[in-house]
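**Student:** Predicted coordinates and the sequence they were generated for:
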Amino acid sequence: MSDAIEAILSDLVPDIPWKTGIMGPAFPKSVTGYICCNGVRYQPFVKRDLESIAEFSLTIISPNPAGDPGNTTQVEDYAMKVRAVLDQEYTLDGWAVDSSVESITFGTPQGISNIGAAVLQFLVKF
């Protein structure tokens, strides 16, 4: 499923290089997006079937958020674009029954007013 998310984001948000990983994001040299599955939950759906929900963290990191003074909202803009793309591609090309971005958490480095990171919590039902 990570591959499907990566393919969609690479195609529709090509300004960011996307990487999948088990260990989580690493500090990049340029703005980079990371796709990490945090876990899968199972809950009863019908008598003999379970509903599966995978929780992903999609992290966008800018190593130098103050480096471009003309674009103070670069990471925020990317996060909103990713949310809009995933809202439209909610079946992940048929891999999922449904999916949604549940939240976005922004991180701002101390002493800088630009957002340096965004973490999107993305739930996928399959």
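**Tutor:** Okay, I see it. Numbers count the residues shown, from 1 in each chain.

**Student:** Average pLDDT for the lengthiest strand in the chain, rounded please.
**Tutor:** Assignment by DSSP state E gives strand 32-46 as the longest strand of the chain. In this model, strand 32-46 has a mean pLDDT of 90.

**Student:** so what strands line up beside that strand?
**Tutor:** strand 18-20 (parallel), strand 49-61 (antiparallel) (DSSP bridges).

**Student:** Quick one: neighbours of Gly24, just the number.
**Tutor:** 10 (other Cβ atoms under 10 Å). To be clear about C-beta, it is placed using only N, CA and C from the backbone, and glycine gets the same treatment.

**Student:** hmm, back to that, right, so of the strands paired with strand 32-46, which gets closest to Tyr42?
**Tutor:** strand 49-61 (4.4 Å; Cβ to Cβ).

**Student:** which is the next helix or strand following the closest one?
**Tutor:** As assigned by DSSP states H and E, the chain's next helix or strand after strand 49-61 is helix 74-88.

**Student:** what's the helix or strand containing Ile8 packed up against?
**Tutor:** Here Ile8 sits within helix 2-12, counting by DSSP H and E. Applying 3 or more Cβ pairs under 8 Å, 6 or more residues apart in numbering; DSSP states H and E, one finds that helix 2-12 makes contact with strand 18-20, strand 32-46, strand 49-61, helix 74-88.
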